[in-house]
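**Student:** need coordinates for the below:
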Amino acid sequence: MRVVFVHGACVRDGAWWWHRTAELLAENGMPSVAPGLPSCGETGVPGGTEGAGLAEDVAAVRAVLADGDEPTVLVVHSYGGIVAAEAAAGIAAVRHLVLVSSYLPEVGQSLSDFTGGGEPASFLDVDPGAGTFGVRADMFVDTFLHDCDDEIRVQAADHLARQSLRVTGQPVGAAAWREVPTTYLVCSADRGTPAERQRDFARRADAVVEIDAGHHPFLTRPDAVRDLLLGL
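**Tutor:** Numbering: from 1, shown residues only. Here you go, the predicted model:
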């Protein structure tokens with residue numbers, strides 16, 4: 001069994017974001033990988049970050065999932081749920097989908113469908129001219145890292161990214177959660193995606209687990225995330 005991790009919006013270097021959980025899994029003989037997302041500028045898509053969208057993110061993750069037939073658990077965070085809905089569809093190796101404070105889109109839905117299509121969240125910095133959006137530096141810690149230790153708070157700033165605005169309005173073409181057993185991890189102390197919204201999203205999942213954690217439980221409660229994955 002292996003784990004493929006997909007990070008959320010406006011960050012890069014997935015291996016860093018997941019590293020505390022990945023290290024615990026490795027101690028138990030479970031390897032993992034965290035592919036980059038072109039819309040966050042990670043894989044050198046022509047035109048830069050603004051030249052990539054959901055299709056490129058899906059292709060990057062799908063290529064990793066299709067590389068071999070080893071049974072795979074796909075673990076996704078936040079925006080990663082949008083990517084996974086299409087990327088995991090029809091991939092026989094994917095045996096379970098785990099969504100962490102994430103979106104579960106139906107076919108034809110896009111990220112904007114979950115945000116109401118109105119004004120962007122207060123913690124986002126949107127630049128229509130550049131075609132990108134990111135997290136406001138002055139709200140980053142209080143919104144997303146409030147329960148993280150100082151080491152993580154300092155290091156995380158180096159792993160933020162501007163992301164292509166294209167991903168917000170592009171609909172998914174598949175809903176892998178309909179094909180694969182799906183577990184939703186609700187983070188009850190999340191200030192970025194409130195728990196009540198997560199519970200609403202989780203109604204589409206087969207199983208729901210809730211823990212007292214903020215937006216990044218794989219950094220603050222890696223033991224709990226490890227135990228969840230090993231228990232699947």
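**Student:** gap between the helix or strand of the chain with the lowest mean pLDDT and the chain center?
**Tutor:** Within the chain, no helix or strand scores below helix 111-115, which has a mean of 85 by mean pLDDT, DSSP states H and E. Centre-to-centre, helix 111-115 and its host chain are 15 Å apart (Cα atoms, centre = their mean, to the nearest Å).
**Student:** what's it packed up against?
**Tutor:** helix 166-169 (3 or more Cβ pairs under 8 Å, 6 or more residues apart in numbering; DSSP states H and E). Backbone N, C-alpha and C define where each C-beta goes, glycine included.
**Student:** what residues sit buried inside the helix it packs on?
**Tutor:** 166-168 (16 or more other Cβ atoms under 10 Å).
**Student:** only C-alpha atoms, please: export the least confident helix or strand of the chain in CSV.
**Tutor:** The C-alpha coordinates for helix 111-115 follow below in CSV (Å, rounded to 0.1, in the frame of the first residue of the first chain):
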residue,chain,number,x,y,z
LEU,A,111,-14.4,25.6,-6.7
SER,A,112,-16.5,28.7,-7.1
ASP,A,113,-19.7,26.7,-6.5
PHE,A,114,-18.5,26.1,-2.9
THR,A,115,-17.5,29.7,-2.3
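**Student:** follow-up on the earlier one: could you dump the buried residues of helix 166-169 into CSV and include distance to P120?
**Tutor:** Listed next are the buried residues of helix 166-169 as CSV, based on distance: Cβ to Cβ, whole Å:
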residue, distance to P120
R166, 15
V167, 13
T168, 9
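**Student:** just those now: which is nearest C148?
**Tutor:** V167 (25.2 Å; Cβ to Cβ).
**Student:** is it true that that closest one touches D57?
**Tutor:** Yes - with contact defined as Cβ atoms under 8 Å, V167 reaches D57; the gap is 6.9 Å.
**Student:** name the residues that touch stretch 7-15?
**Tutor:** Here stretch 7-15 makes contact (Cβ atoms under 8 Å, 6 or more residues apart in numbering) with 5-6, 17-18, 22, 33-37, 40-42, 77-80, 102, 124, 133-135, 159-163, 167.
**Student:** one step back: now do the shared contacts for V167 and D57.
**Tutor:** What both V167 and D57 touch, as defined by Cβ under 8 Å, 6+ apart, is the set S39.
**Student:** max-length helix in this structure?
**Tutor:** helix 54-65 (DSSP state H).
**Student:** between the next helix or strand after that one and helix 54-65, how big is the angle?
**Tutor:** Past helix 54-65, further along toward the C-terminus, the next helix or strand under DSSP states H and E is strand 72-77. Here the directions of strand 72-77 and helix 54-65 differ by 140 degrees (axes from the mean of the first three to the mean of the last three Cα atoms, to 10 degrees).
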